[in-house]
Structure formats: C-alpha cells, structure tokens
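In: Make a model of this:
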Amino acid sequence: MVWWWLATPVTLFHAPIDPAAKLDCVSYAPFRGDQTPLNPNLIVSEEQIQEDLAELAKITDCIRTYSVDNGLDKVPAVASKVGLKVFLGIWIGNNRLKNAQLVDSAVALARDYPGTIRAIIVGNEVLLHGDMTPSDLRELIRSVKPRVDVPVTYADVWEYWLRYREVQDAVDFITIHVLPYWEDFPIRAQDAAAHVAAIHKRVAAAFPGKEVLIGETGWPSRGRMREGALPSRTNQARVISEILDLSKRENFHVNLIEAYDASWKRYWEGTVGGNWGLFDAEHRKLKYPPGEAISNYPLWKLHMGGGMVLVISVFAVAGMTSRRRPWPPRLVSWIAVAMSATSAGILLGIAFDKMLYESFGFGGWLVWGSLLAAAIASPVLCALALMSGRALPTFVELIGPRERRIQSSPTMLLGVALAVTTVIAAQTALGAVFDARWRDLPFAALTMAAIPFSTLTLLNRPRSGTRPMAEAVFSGLFVAAALYTIFIEGTRNWQAVWTAAAYLLLGATLWQARSKEAGSLRSASSEESTHAHVSPSAGSLDHLDGADRKVRSA
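Out: Numbers count the residues shown, from 1 in each chain. Take a look at the predicted model:
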C-alpha cells in the first residue's frame, strides 16, 4: 500500500515537452561524465555537440550557451546545420586578459553566423559572485556592442538587477534568473510558476521600455529539500509545465535550465546541482517522453519486492533463533522485531534509490553504500540479538583492548553495523551544521538502522556499568545537530525534520550504552555466555544453573 501511494504516476494537463509546440529556449552545456569546464585543456568534440543538438532540435528552437571555450566555439556552426538559434554566452571573470580573449572569440562567431546567433550574453552572475564591479561590467558590455550586429545583454539573478539598476543602460534587454528552489526563501513547487510570473512583472515594472527575458528558470528532479521546496521527478515536470503554460498566457519568454543533467556541477552544488536537466546525463534520454505518466519511482515494484524479502528475512532469523532458546520470547520482543522489519522493508527502496543518485565518485559510493549495507544488516542482526538475549555492543568491546573485545561473531557484526552507522551519521550531521546548503539528508537509510538499534537497547540494555566516553560524545553531537537542523531548515522541510528525528533516536540509543568491566566482558566472549549483558527484565536466565533453567522455563 505504501509503495502504491509513493509511486502513483502523475498525468499533467500540459506535458512538459509538447511535440506540437517547441520550447522557447534551453540552456546547453555539452559536458559529459568526468568532463568539466574547469579543465582548461578540455576540448569537447564537434561530434559530441552534434549528437546533443540533433536531439535538442526536436524539442526547442533555441539554446543558450555560457562560454566559447572548451570547444563551445563549435556550437554556432553545428546549431546552424540543425536549425537552432543561439544565445551566445561569454563567461567573464576577474581576469581581464582572459575576458578580452573570450570577447574576441564571441565577436568573431557573431560575425560568422549572423543568422544563427540571436544575442550575446556578456557575463553570467558576475555581480552575484563578486567577480566584477558594476562599472567595470558596464564598460565591458559597451565595448562589445559596437563590434556586433546582434543585441547584447547581461544575465544575473533578478535581485541583482534591482540592486544594480545602472547596468540597464549598457544592455539592449534585461536577462534575469528566477529559480524558485534557490530563492533566499524557497518557493514550493506548487507555487513556483506563479512566483516566476510575479518576478517577471516586478522586474518589467522596474525597467520600463526594456524587454525582460527570463534567462534561467526550472526545477531540480533530485536532491535535498530546502524548506518546502522538494526536488522530484513529478515536481520538476509539474513546475516546467506550469511555467511554460503561464508564459504563453502572459506573453513572456523563458529559457529553461537546462537541457542535460550536469554531473560536473555536483562537485559544488551536491546532488541537486546536477539534476536540473530535461535529459538525463548518462543516457542522454528525455526524462518525460510525451504521453507518458510520470512517477517518482518508476521501478517501484522492484523496490517493493526487495523490501518484502528483507521483512521475511528479519522474521525468519527471529523465528529460527527463538526456537533455539530455552524460554519463549516475550511478546514485546516480537513487536520490536515487527517494527524493525516493517520500517526497514518500507524504506529499503527509498534508501536504495537515494544511494544510486546521491553517490558521486568513489568516496560517495563508499559512504552511501556502506550506510545502506549497515541499514540492511541492522534489523536482521538486531532480531538475532533480541531473541538471543544479547545487548547492543559498545565501541570499546569492538575496537578496545584485546581482553575486552567481544568474541561472538554475530555480536561483532552488530557492533560493526552500529559503528558504520554512527560514523557516517556523524559525518552527515556535521555537514548539516557547517555546509547544509549542498548536503543530502539520509533520512531513509538512517531510520532503517536507528529503529532496530533503539528497540534492542530498550529491551536488552545492561543495567550496570559505566557510560562509554565515545558513545556519550556521539550522542551529544547528534542531539545538537538535530536541534540545529530543525532550527535552520524549518519545520516545512520534512526531510530535515525526519533526519533530525533519526539523529535524536540514534543519540538516545548511544546514551543508554554501558560498558562492563574487563572480567565481565571476557566471560561474555563465548556464544553460550553472551547473555551476561542482559538485564533481568529482558528475561535473561544465565545466572541459573541447568536445573533452575528447566524449572523456570516450565
């Protein structure tokens, strides 16, 4: 039932890509795989550009570029062959010599392809980035205008046009960026189109007599929430569809960002930065083919099947373990197993899907793959521990002095799963505090692990011993990060609230940890005597001899 609800497809009144009406314009960067514009030696081949533009010509009449180096000087020639117009961008910065070279290249292209280049965009968000002063920017734009026969403009976030209005005198028309997701106060997907239209009216009123082009607008298909702004496949399709519909009704032009998902942007903007495209990066295929319903989880049946296998595995381990014990398990233990199995089964597909698109580079795959592995193992190992009467091991029992280490293999694996979850959760918690803008929120995998750990600690917690320093430090970190995350992200961001709750649950679990003395730990090293960790309330019978056990179990 849960997966049927999560995967319910959406059929939009207006398809985001309408074969009967081409898009006004789309931002285009040709970089694939490991290619990045920050590599000065990279030259994208003409064949690669040809492949992309041939596909784009099917859905749009125009593309916007951002530079003329890295091989992008070939774009006008290829665009002229496939019937595309070009808004030619010049990527300028604080290097005057480099700026002059790029301007010369753009001017030469404008002269060579007058029927293809629709306008020249001198600079992209240089005022936002602080790379140039308004006066220097005006001077550079004015130096370009006499040299070309096409309109010249500058592109920046709409607030910076209102802040530096003097730049209008140097341009032929205004080019603004309106990205509802990235606003200082993020806009929800259902309000995004209305926001774009309202900003267009506001800027047009501020610059009477100047045409206002929306040079960038769109919505990400994947990534972390910002307040109430949720990236998703259905939200991206809905926002694009509604913006295009509103632009036709209110007669303003938009350039969508962007044609292809840009993996290279993930170095600076995280998962969300690389998922604004109409086409996916790897296969270069249209995300929303005309006439097809759109789902956030197109492979939901596989996700659901995997979750069911995990649920069955957890109950199977619990059942087989309970049969080997000399006493029947308590009802509350079965309830704990059911909670762990059900939550893990539901969240497995979400966690797996997030791992696939959030993992970037070797380090990303290592971190998110390890967290998912620990999340899958946790409910199974905790079910085994619950039915065996074992407690959650402490870190000192896992990596401490040899005489204090645990010897039971299942308990050691449980300790490894706890350690992996704790370390990765700590990394994400620190990221949420110090670099929250780009960081993904691991709510699904973290919850899969936190619930089994917490139920095991609640039912099989030792009543004696001292609280280990490591667990106490991690617990304090998680509590502080959870409170800070909710404060910064706000309660509208359900991903942040959920992640914060998982931090709190994990922190509370670690706070309950108790470390036994070395002698007690040594006695717990064998499989038959591990029950020494369990409190009397957990039903431990280890303090009884064989005859007493028979009487008690009877």
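
In: Can you measure across stretch 253-260, start residue to end residue?
Out: Chord length of stretch 253-260, first to last residue, is 20 Å (Cα to Cα, to the nearest Å).

In: For the protein, which segments count as strands?
Out: Assigned by DSSP state E, the strands in the chain fall at 25-27, 62-64, 85-90, 117-124, 152-157, 174-177, 212-217, 254-256.

In: Contact partners for the residue nearest to the spatial centre of the chain?
Out: Centroid-nearest residue in the chain, with Cα atoms, centre = their mean: residue 223, separated by 2.8 Å. By Cβ atoms under 8 Å, 6 or more residues apart in numbering, the contact set of residue 223 is 231, 270, 271, 272, 273, 275, 440. Placement of C-beta: from N, CA and C, glycine included.

In: Of the residues you listed - the most surrounded one?
Out: Sorting these by how many neighbours each has (other Cβ atoms under 10 Å) puts residue 275 first, at 26 neighbours.

In: Distance check, that residue against residue 257.
Out: Separation of residue 275 from residue 257 (Cβ to Cβ, to the nearest Å): 11 Å.

In: the helices in the stretch 251-400 of the chain, which residues?
Out: 266-273, 300-323, 331-358, 361-388, 395-399 (DSSP state H, counting those that start in this stretch).

In: repeat for the stretch 1-150 of the chain
Out: Here the stretch 1-150 of the chain has its helices, by DSSP H, counting those that start in this stretch, at 2-6, 46-56, 75-82, 96-112, 126-129, 134-144.

In: For residue 42, see how far away the nearest residue to residue 334 once chain neighbours are set aside is.
Out: The shortest distance from residue 334 to any non-neighbouring residue, by Cβ to Cβ, 6 or more residues apart in numbering, is to residue 318 (7.4 Å). Remark: distance between residue 318 and residue 42 (Cβ to Cβ) = 55 Å.

In: Looking at those two, which is more packed in?
Out: Between residue 318 and residue 42, counting by other Cβ under 10 Å, residue 318 is the more crowded of the two (26 against 14).

In: how near is the more buried one to residue 337?
Out: Separation of residue 318 from residue 337 (Cβ to Cβ) stands at 5 Å.

In: before we move on, the earlier item: kindly reformat the contacts of residue 223 as a markdown table and extend each row with pLDDT and distance to residue 327.
Out: Shown next, in a markdown table, are those (pLDDT from 0 to 100; distance: Cβ to Cβ, whole Å):
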| residue | pLDDT | distance to residue 327 |
| --- | --- | --- |
| 231 | 97 | 50 |
| 270 | 92 | 51 |
| 271 | 95 | 49 |
| 272 | 96 | 52 |
| 273 | 94 | 56 |
| 275 | 96 | 53 |
| 440 | 94 | 44 |
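
In: Make CSV out of those and add distance to residue 200.
Out: Output for the contacts of residue 223, formatted as CSV (distance: Cβ to Cβ, whole Å):
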residue, distance to residue 200
231, 23
270, 28
271, 29
272, 24
273, 24
275, 25
440, 32
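
In: Out of those, which is nearest to residue 309?
Out: residue 440 (25.7 Å; Cβ to Cβ).

In: Verify the contact between the closest one and residue 273 for me.
Out: No - here residue 440 does not reach residue 273: they are 11.3 Å apart, not a contact under Cβ atoms under 8 Å.

In: what's the neighbour count on the spatially closest residue to residue 56 that is not a sequence neighbour?
Out: Of all residues not flanking residue 56 in the chain, residue 259 sits nearest, at 5.7 Å (Cβ to Cβ, 6+ apart). Neighbour count for residue 259, taken as other Cβ under 10 Å: 26.

In: Residue 141 contacts residue 152, correct?
Out: Yes - counting by Cβ under 8 Å, residue 141 does reach residue 152; the two are 6.0 Å apart.

In: in this protein, what spans have low per-residue confidence?
Out: 13, 516-554 (pLDDT under 70).

In: how much space between residue 324 and residue 20?
Out: From residue 324 to residue 20 the distance is 68 Å (Cβ to Cβ).

In: same deal with residue 321?
Out: 62 Å.

In: Those two: which is more packed in?
Out: residue 321 (19 against 6).

In: Now the more buried one: closest residue in space that isn't a chain neighbour?
Out: What sits nearest to residue 321 in space, not counting adjacent residues and going by Cβ to Cβ, 6+ apart, is residue 387, at 3.8 Å.

In: for that neighbour, what are its contacts?
Out: By Cβ under 8 Å, 6+ apart, the residues touching residue 387 are 317, 318, 321, 322, 325, 329, 333, 337.

In: Tell me the spacing between the fourth one and residue 333.
Out: It stands for residue 322. On the measure of Cβ to Cβ, residue 322 and residue 333 end up 8 Å apart.

In: Check the third one too.
Out: Taking Cβ to Cβ as the measure, residue 321 and residue 333 are separated by 10 Å.

In: just the fifth one next, same as before
Out: Shown here: residue 325 relative to residue 333, a distance of 10 Å by Cβ to Cβ.

In: The helices of the stretch 251-400 of the chain into a markdown table, with extra columns for distance to residue 137?
Out: Output for the helices of the stretch 251-400 of the chain, formatted as a markdown table (distance: least, Cβ to Cβ, whole Å):
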| stretch | distance to residue 137 |
| --- | --- |
| helix 266-273 | 23 |
| helix 300-323 | 49 |
| helix 331-358 | 37 |
| helix 361-388 | 35 |
| helix 395-399 | 56 |
